[in-house]
Structure formats: structure tokens, C-alpha cells
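Undergrad: sharing a model that was predicted from the sequence below.
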Amino acid sequence: MDESPEVPVQRSYSGLFIGVLAVAVLCAIAGLVWSYRLAGRLTTAEAQVASAQQQNQKLAAALDQTNARLKVTTDTLGQSLGMTQKQLEQKAQDLLERQQADAKRLAQTQSQIASVSNDVSGVKTDVGGVKTDLTATKTQLQTDEAAMTAMKGDLGLQSGLIATNAKELDVLKHMGDRNYYEFTLDRNQKKAVATVALELKKTDPKHSKFTLVVYADDKEIQKKDRNLDEPIQFYTGKDHLLYELVVNNIDKNQIKGYIATPKGAPIPVTTSGE
């Protein structure tokens with residue numbers, strides 16, 4: 001029998017083996033290259049670790065030297081002060097506690113200062129409020145003063161400012177130019193006001209008129225049919241001082257008003273008024 005057909009099969013197996021072998025060789029080469037690179041990295045890492053260990057050893061040696069010097073210095077200091085290590089440590093602890101106590105007291109003092117500062121700010125605010133109120137009051141007084149008028153009295157003399165109500169009278173009192181004595185006088189009643197006496201004789205509320213008698217220096221001065229808010233003038237005293245009387249309210253049997261006297265006029269021992 002002819003065996004020649006088996007030759008191609010053997011050649012096919014030989015080619016496949018060669019291919020597999022080539023792949024294996026390439027993989028081995030690649031593995032060698034990777035191993036070489038890994039070995040290089042490991043060598044570098046080992047060198048870095050060794051260097052770090054050397055540095056740590058140097059630092060440890062330096063620390064040991066520093067501790068040794070510190071111990072020698074501490075011992076020397078303790079010997080010079082006559083103190084033991086324990087005493088030095090206790091002294092250091094005492095100093096630390098004292099510093100902490102001082103810091104605490106400082107914090108408390110700062111807190112107290114802050115509190116006082118707040119109180120001062122509050123006082124400043126109150127003072128500012130008072131100043132504002134005073135300014136408003138002064139402005140109101142100036143406004144009220146401007147609203148009042150000066151006129152001639154029943155003697156033909158120029159009068160000062162005339163108050164027509166209690167508010168305006170308060171303004172005049174604050175001005176302090178004259179003394180003011182308020183009164184309420186009933187009909188046929190004789191009453192001492194300032195350094196004189198007054199007696200109401202008649203009232204006419206419908207026409208805002210009244211009649212009264214002024215008793216001054218043992219004289220009777222009759223003021224007949226005078227008008228509401230009219231300055232009634234008369235002289236009195238050894239210095240012949242000019243007094244002014246103003247009636248602001250007239251009822252059926254009563255009048256209310258005030259007497260204005262100069263600042264240098266005598267001050268009555270007792271005054272009568274509402």
C-alpha cells in the first residue's frame with residue numbers, strides 16, 4: 001500500500017508547534033522585561049526607605065543629645081537653685097497654674113470692662129435723650145414766647161410779655177425776667193397777693209370785664225371795668241416799683257390771674273394763691 005498521503009499532516013503539526021513556541025518565547029521576553037522594571041522600582045523604593053531610616057536615626061540621635069543636654073541643664077539649674085527635679089517640676093506646675101489664674105482674672109476684668117462700657121453707652125444714650133428733650137423744650141419755649149405779645153398797660157406804659165393761660169405763664173417763669181404770683185379771687189374777698197392785697201368788686205363774664213381794688217402802701221387803687229388779659233399797672237413800695245396784674249379767667253363771681261413784679265421787688269413772707 002502507498003503511505004505518501006501522511007506527509008502533509010506531519011508538516012502541519014510542525015508549523016503549529018513552531019507558532020506556539022514563538023508565542024511562548026515572546027511572553028517569556030515580556031515577562032523578563034516586566035521583572036527587570038519591577039526590580040528597578042523595588043531597588044529605588046528600598047533606597048528611599050534606607051535613606052528615610054538613616055534620617056530617622058540621625059533625628060533620634062539628635063533628640064537623644066538634646067534630651068541629654070536638657071537634663072544636664074536642668075540638673076545644673078536645680079543644683080544652682082538648690083532644688084531637685086521634682087521641685088523644679090512642681091515649680092513649673094505652680095507657674096503654669098498661676099498663669100492660668102491670671103488669664104482667668106484678665107478675662108473677668110475684660111468682661112467687667114465690657115459691661116461698664118455698655119453701661120457708659122447706655123448713659124450716653126440717656127444723656128443724648130435728655131439733650132434732645134431739652135432742645136425740644138427750648139424750641140417750644142421759643143415758639144410759645146414768640147406767640148405771646150407785649151402791650152401797653154392801663155397806665156399807658158409799655159408792658160412786658162403777657163401770658164393769657166397757664167402754659168404761657170410757665171414760659172414767662174422759665175424766662176426769669178420777673179417774679180410771678182398766681183391768684184384766685186372770689187367776689188367781695190380781700191386776699192394778699194405778693195406784697196399787696198386785692199379785693200374783687202364785680203365781674204361781667206359776658207363782656208369779659210371786672211372791677212377790683214388794689215391795696216398798696218396804705219392806699220386804695222380802684223381798677224374799674226378792666227378787660228380780660230389787660231395789663232393793669234400800679235406803683236408800690238418805697239422804690240416806686242411798677243407791678244402788673246393780669247386776669248386770664250372771669251367767672252360769675254370769681255377771677256383768676258397773676259401779678260408780675262420786678263426781680264428786685266420785695267419778696268412777701270407768705271403768698272396766697274390757688
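TA: Here it is on my side, so go on.
Undergrad: domain map for the protein?
TA: Each domain of the chain is listed here as a residue range: 63-147, 149-262, per automatic domain parsing.
Undergrad: and those domains, which one's lowest on average pLDDT?
TA: Taking each of those in turn, the lowest mean pLDDT turns up on domain 63-147, with a mean of 71.
Undergrad: on that earlier part again, any chance of a markdown table for the domains of the chain, columns mean neighbour count and distance to Val23?
TA: All C-beta spots, glycine's among them, are computed from the backbone N, C-alpha and C. Shown next, in a markdown table, are the domains of the chain (neighbours: other C-beta atoms under 10 Å; distance: least, C-beta to C-beta, whole Å):
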| stretch | mean neighbour count | distance to Val23 |
| --- | --- | --- |
| domain 63-147 | 11 | 59 |
| domain 149-262 | 16 | 121 |
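Undergrad: quick check: which of the ones you listed is nearest to Ala52?
TA: domain 63-147 (16.0 Å; C-beta to C-beta).
Undergrad: how about the strands in the stretch 101-250 of the chain?
TA: Here the stretch 101-250 of the chain has its strands, by DSSP state E, counting those that start in this stretch, at 149-152, 158-162, 178-186, 190-193, 196-204, 209-216, 219-227, 232-236, 241-250.
Undergrad: please enumerate the helices of the chain.
TA: Using DSSP state H, the helices of the chain run over residues 7-81, 85-147, 166-175.
Undergrad: how far off centre is the longest one?
TA: Distance, stretch centre to chain centre, for helix 7-81: 71 Å (C-alpha atoms, centre = their mean, to the nearest Å).
Undergrad: switch the domains of the chain over to JSON lines; also include distance to Trp34.
TA: As requested, the domains of the chain are arranged in JSON lines below (distance: least, C-beta to C-beta, whole Å):
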{"stretch": "domain 63-147", "distance to Trp34": "43"}
{"stretch": "domain 149-262", "distance to Trp34": "109"}
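Undergrad: for these, which one sits closest to Val20?
TA: Shortest separation from Val20 across the domains of the chain is recorded for domain 63-147, at 62.7 Å, computed as C-beta to C-beta.
Undergrad: tell me how far Ile267 lies from Ala68.
TA: Ile267 is 98 Å from Ala68, where distance means C-beta to C-beta, to the nearest Å.
Undergrad: ugh, typo on my part, it should be Ala61
TA: Distance from Ala61 to Ala68, counting by C-beta to C-beta: 11 Å.
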